[in-house]
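Asks: Turn this into a model:
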Amino acid sequence: MNSLPQTLFHGTGIYCLARIIATNTMREGAHWGKPGEPHGPRFTERFGTASEFILYSMYWAEGGVIAVDTSTLAQRHRIVRYADSYYSGEQMADEHEYVAETPLIDPLAPHLVSIICDPAIIEAASLPENMQIAMDEGGWPFSCDQAGVNECLTALGAVANHPLLNAWLPEGEAPPFHGNWGQPRANLLASCNPKV
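Replies: Modelled structure (predicted):
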């Protein structure tokens, strides 16, 4: 096997990030059904790319990045490099993606290096109006009733109080923050780069 990077990154919206941390598990996210696309949780070796992947979870792109230790993850799961492509067939060479070939990483905690998330995003995510936007527009992994809201608030608390919250960041980087909370969808879609 080719050598793997020391750290891999997974970027996602704040509510999915909170659920991942609270459940201590990571499932396969979006599978685009492309030829040769492996199944399993998806990572990249580039922090900036992982930050951009938040757009695929929440169109306003507020979330965070999970950094994992590749060596411990590879002891439990086969990790394969994956060259993603547009549906036209043109490769996305700059994404540098890797997939852990498993339907579920459980537990995730032994592999965590850092949960990279701006505390202001965690705070804003707890506001009812932002939860409602996620329920209506996407990026909400909880049930859409009071029990789901309560579960979300507990999960956000788990992120806010986690000992690995911003424990490490790649040199010269900062937690992703776009300032898009509450912006109309039409104003933001132009900044998205969907895989089409």
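
Asks: Which residue comes closest to Lys34 once chain neighbours are left out?
Replies: Ser85 (6.2 Å; C-beta to C-beta, 6 or more residues apart in numbering). Glycine gets a C-beta too; all of them are placed from N, C-alpha and C.

Asks: can you count the residues close to that neighbour?
Replies: 18 (other C-beta atoms under 10 Å).

Asks: same deal with Tyr86?
Replies: For Tyr86, using other C-beta under 10 Å, the count is 13.

Asks: Could you verify my assumption that it touches Met92?
Replies: Yes: between Tyr86 and Met92 there is a contact at 6.8 Å, judged by C-beta atoms under 8 Å.

Asks: The protein: strands as residue ranges?
Replies: 7-13, 26-27, 42-44, 63-69, 79-82, 97-100, 104-105, 112-116 (DSSP state E).

Asks: Give me the helices and strands touching the third one, please.
Replies: Translated: strand 42-44. Packing partners of strand 42-44 (3 or more C-beta pairs under 8 Å, 6 or more residues apart in numbering; DSSP states H and E): strand 7-13, helix 47-53, strand 97-100.

Asks: let's go with 7 Å and repeat that
Replies: Where contact means 3 or more C-beta pairs under 7 Å, 6 or more residues apart in numbering; DSSP states H and E, strand 42-44 is packed against strand 7-13, strand 97-100.
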